[in-house]
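Novice: Provided below for reference: sequence and predicted model.
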Amino acid sequence: MPDSGLRSTPHLRVLVAEPNVSAREWLAPLVREVGGHMIEVETGLELQLALARGGYDLVVTHARLPTPSGLQVLASARAAGSTVPFIVITSFEQGSVRVFVSDQEGTVLSSRVLNAEQLTTLMAGLVPGAKSTRQLG
């Protein structure tokens with residue numbers, strides 16, 4: 001069956017590039033909460049290859065991935081015209097992350113520390129069609 005461009009699944013495709021297994025395990029239920037299906041990679045090269053295949057609604061990447069870094073991949077994606085929103089994790093501690101965001105227009109929003117509830121709300125706000133009952137406070 002040819003690809004019509006319409007999703008046959010209600011799931012959002014969320015590409016998560018994070019070498020830390022604990023961080024990926026912490027992120028997984030948050031991605032599910034916004035109606036997402038998490039595709040996992042661990043290196044910058046894997047992230048680049050996955051982005052080249054396309055079809056992602058959101059990218060969550062660690063800034064310091066093994067070569068190239070998540071920041072380098074973000075810069076390359078924007079230079080190539082990609083509009084997929086990126087959440088870039090700059091640090092992870094159990095229960096919270098420090099992130100900055102590059103939205104669909106490429107605007108970089110300020111760095112901030114978010115707990116699970118706040119990160120879920122941020123993800124839902126970046127992706128049309130995401131679900132969340134939470135309010136960012």
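Specialist: It's in.
Novice: Quick check: buried residues in the longest helix seen in the chain?
Specialist: Ranked by number of residues, the top helix in the chain under DSSP state H is helix 21-33. Within helix 21-33, the residues scored as buried using 16 or more other C-beta atoms under 10 Å are 23-24, 26-27, 30-31, 33. Every residue, glycine included, has its C-beta placed from N, CA and C.
Novice: likewise stretch 79-90?
Specialist: Within stretch 79-90, the residues scored as buried using 16+ other C-beta under 10 Å are 82, 84-89.
Novice: And stretch 97-111, by the same measure?
Specialist: Of all the residues in stretch 97-111, those buried under the rule 16+ other C-beta under 10 Å are 97, 99-102.
Novice: Can you name the residues in contact with that stretch?
Specialist: Contacts of stretch 97-111 with the rest of the structure, by C-beta atoms under 8 Å, 6 or more residues apart in numbering, involve 23, 74, 78, 83-92, 112-114, 119, 122, 126.
Novice: quick one: which of those sit in strands?
Specialist: Taking DSSP state E, the ones among those that sit in strands are 86-92, 112-114.
Novice: Would you reformat the buried residues of stretch 79-90 as TSV and include distance to residue 48?
Specialist: As requested, those are arranged in TSV below (distance: C-beta to C-beta, whole Å):
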residue	distance to residue 48
82	11
84	13
85	17
86	13
87	17
88	15
89	17
